[in-house]
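**Q** Build me a structure from this.
(2 chains)
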Amino acid sequence: QVQLVQSGSELKKPGASVKVSCKAFGYMFTHYSVNWVRQAPGQGLEWMGSINTNTGRPTYAPGFAGRFVFSLDTSASSAYVEISSLRAVDTAVYYCARDWDFWGQGTLVTVSS
Amino acid sequence: DIQMTQSPSSLSASVGDRVTITCRASQGIDSDLGWFQQKPGRAPKRLIYGASNLQSGVPSRFSGSGSGTEFTLTISSLQPADFATYYCLQRHSYPLTFGGGTKVEIK
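**A** Sure, this is the predicted structure:
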């Protein structure tokens, strides 16, 4: 069955980088785009952007271009978001979603010194 | 950017109540709207797509309506499993935007 499985929680220091993975199972990976969503503690959902898994072309929401980079490994049916120069405000749960119908379980990234 | 204004931000209701949540778009988005349910500590789950289409496996007590700028999610008879936070999402144009959420609590 369709599943998106994300990498585990991360604890990082300010200024470090983190790469969150999202591995797809049960469908043809390149047939559906992958969206990334951020949810800060106690807050709502925020669309970070998406990546076309057929072309590899990313689209970033305002505020997510620059330190956030979406990438793919189609041979591994996986999508990634790498966040550089981490700040405390990046502390959040990060979700991937297949064209909105299936979601990963979320990855908590905590940025703290 | 299209702003999605969701109301109310929270509500208290009893099991069996009819519940209505509204999303208003700052400009027309045709029927490019989805509704999501999120329970604490869990990923969101899509309930409705295309404004009024029920996601497979979602109970029929959930329904969506509207087009253009005004949209409604209705729960016809609230069940214990429905206490959660609900979000709308417009996918009409980039950047995609979520509503602020509606927390449905037990009265």
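**Q** which bits of chain A sit near chain B?
**A** Chain A has residues A:35, A:37, A:44-47, A:49-50, A:59, A:61-62, A:95, A:97, A:100-101, A:103-106 near chain B, with proximity defined as C-beta under 8 Å from any C-beta of the partner chain. For every residue, glycine as well, the C-beta is placed using N, CA and C.
**Q** Filter those residues down to just the ones in strands.
**A** Within the residues of chain A next to chain B, membership in strands is found for A:35, A:37, A:46-47, A:49-50, A:59, A:95, A:97, A:103, as judged by DSSP state E.
**Q** ok, the closest residue to residue B:12 other than its chain neighbours - contacts?
**A** In this structure, residue B:12 finds its nearest non-sequential neighbour in residue B:107, 4.1 Å apart by C-beta to C-beta, 6 or more residues apart in numbering or on different chains. Applying C-beta atoms under 8 Å, 6 or more residues apart in numbering or on different chains to residue B:107 gives the contacts B:12-14, B:17.
**Q** same check, this time on residue A:90
**A** Residue A:90 touches A:83, A:109, A:111, counting by C-beta under 8 Å, 6+ apart.
**Q** and these, which are buried?
**A** Buried members of those, scored by 16 or more other C-beta atoms under 10 Å in any protein chain shown, are A:83, A:109, A:111.
**Q** what ranges do the strands span in chain B?
**A** Using DSSP E, strands in chain B cover B:4-7, B:10-13, B:19-25, B:33-38, B:45-49, B:53-54, B:62-67, B:70-75, B:85-90, B:97-98, B:102-106.
**Q** I appreciate the help and will end here.
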